[in-house]
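Undergrad: show me the folded form of this:
(one chain, ligands or ions: 1)
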Amino acid sequence: MKLEDKSRRDFLQRMARWGLACATGSYLTASLVKGQNPPPPPPEPPDTTWTATIVPSGEPGDPLVVAGRVFAPDGEHTVAGVVVYAYNTDKDGYYSPDGKVGHPRIKGYMKTDPQGRFELHTIRPGRYPGMHIPAHVHFNLWGAGYPVQWTEELRFMGDSYLTEAMKNESQALGKFATIRPLSRDKDGVLHCEIDLRLQEKSNYPGH
Ligand SMILES: [Fe+2]
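TA: Have a look, this model is predicted:
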């Protein structure tokens, strides 16, 4: 099969799954409660670069810059050319104005630079209303020879919904800890860093 055919087939399959899942709100709610992720996002647009601003100017909330790096499964080498898809809730904890979780409004794509870096400009997400789940940013990775996969969510130190188990789990990951400290610069912008580790195999069923 030609590469273009395979890409097109993958694209169509992924779009079909995405559409199906969006139409199945209960599935998404169940996924959310279990801490899982909705199906993989559509492929990246052609103008994807290492940095992205995924909120419109004037978006309510605290501006947040996430400086990230993507590592190979060995945990040692950074990987260039990996697509990083990120999404988060608005400051009130909603993914979309209609309250559905399958249609994140605040979302965007990056592609790691030669040093494996990406930079995400968003706002500090709010926590889901009525649920005791820490605020978080979701990431999906694919490309550079790796299949589409979701990562553990980025969460923030000091969130009162973090449990001891979550903290211990994060700490055990060493430099790949997913609960990260936030700092605020002189302009009031929040900053944090995250290192993401690729897996050889997808954690999405059927990928
Ligand atoms: Fe979420």
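Undergrad: now the residue nearest the centre of the chain: which helix or strand?
TA: By C-alpha atoms, centre = their mean, the chain has its centre lying nearest to F139, at 1.7 Å. F139 is part of strand 137-143, with elements assigned from DSSP states H and E.
Undergrad: tell me what that strand is packed against?
TA: Contact here means 3 or more C-beta pairs under 8 Å, 6 or more residues apart in numbering; DSSP states H and E; on that basis strand 137-143 packs against strand 63-71, strand 83-88, strand 146-150. C-beta coordinates here come from the backbone N, C-alpha and C atoms, glycine included.
Undergrad: can we see that at 10 Å?
TA: strand 63-71, strand 83-88, strand 106-111, strand 117-123, strand 146-150, strand 190-197 (3 or more C-beta pairs under 10 Å, 6 or more residues apart in numbering; DSSP states H and E).
Undergrad: give me whichever of these is most buried.
TA: strand 83-88 (a mean of 24; mean count of other C-beta atoms under 10 Å).
Undergrad: list the strands paired with that one, with their directions.
TA: If you go by DSSP bridges, strand 83-88 pairs up with strand 106-111 (antiparallel), strand 137-143 (antiparallel).
Undergrad: dump those to JSON lines, plus distance to F156 and mean pLDDT.
TA: Listed next are those as JSON lines, based on distance: least, C-beta to C-beta, whole Å; pLDDT from 0 to 100:
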{"stretch": "strand 106-111", "distance to F156": "16", "mean pLDDT": "98"}
{"stretch": "strand 137-143", "distance to F156": "9", "mean pLDDT": "98"}
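Undergrad: among these, which comes closest to L120?
TA: Nearest to L120 among the strands paired with strand 83-88 is strand 106-111 (6.6 Å), distances taken as C-beta to C-beta.
Undergrad: between the closest one and strand 63-71, how many degrees?
TA: 40 degrees (axes from the mean of the first three to the mean of the last three C-alpha atoms, to 10 degrees).
Undergrad: begin at 56, not 1, for the rest of this chat.
TA: Let's use 56 as the start, then, which means that last one is strand 161-166.
Undergrad: centre of the chain to strand 161-166, how far?
TA: 8 Å (C-alpha atoms, centre = their mean, to the nearest Å).
Undergrad: neighbours of the residue nearest to E207 when sequence neighbours are not counted, how many?
TA: Using C-beta to C-beta, 6 or more residues apart in numbering and skipping residues adjacent in sequence, the residue nearest E207 is T233, 4.5 Å away. Around T233 there are 21 other residues, counting by other C-beta atoms under 10 Å.
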